[in-house]
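[1] I need the structure of the sequence given here:
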Amino acid sequence: MKIKEVKELETKDLVEKLENAVEAYDKMKFNHNVSPLENPSQIKSARRDIARMQTELRQRELNK
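    Numbering: from 1, shown residues only. Alright, predicted model coming up:
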C-alpha cells in the first residue's frame, strides 16, 4: 500500500485496515516459523505497510 493510498483513507477505515494488517502480519510470521514462506519478502512489505498506516494515524492525531 502506497502512502498516497493511506492518506486518502478516512480515519475509521485506516484503523480497520491497520488492525487487519497486523493480524495478517502475525499470522504470516507464525506460518513462516512453522514452514518457510515461498516469498519471505512479504513479511518485510507487510511490516512497512503497517508502519505507514501507524505513521499516518499519528500525524492525524497530532494535527487535531
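[2] Name the SS class of the nearest residue to Asn31 once chain neighbours are set aside, please.
    Excluding the flanking residues, the one nearest Asn31 by CB to CB, 6 or more residues apart in numbering is Leu37, at 6.7 Å. Placement of C-beta: from N, CA and C, glycine included. Under DSSP: H, G, I helix; E, B strand; the rest coil, Leu37 falls in the coil class.
[3] ok, now which ones touch Leu37?
    By CB atoms under 8 Å, 6 or more residues apart in numbering, the contact set of Leu37 is 28, 31, 43.
[4] Neighbours of the first one, how many?
    Going back to what we said before, that points to Met28. Look at Met28: counted by other CB atoms under 10 Å, it has 16 neighbours.
[5] State the helix or strand in which it lies.
    Using DSSP states H and E, Met28 sits in helix 11-34.
[6] Output the contacting helices and strands for that helix.
    helix 41-62 (3 or more CB pairs under 8 Å, 6 or more residues apart in numbering; DSSP states H and E).
[7] Pull out the buried positions in the helix it packs on.
    Buried residues in helix 41-62, counted by 16 or more other CB atoms under 10 Å: 46, 49-50, 52-53, 56.
[8] returning to that earlier point: possible to save the contacts of Leu37 as a markdown table with pLDDT?
    Output for the contacts of Leu37, formatted as a markdown table (pLDDT from 0 to 100):
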| residue | pLDDT |
| --- | --- |
| Met28 | 95 |
| Asn31 | 93 |
| Ile43 | 95 |
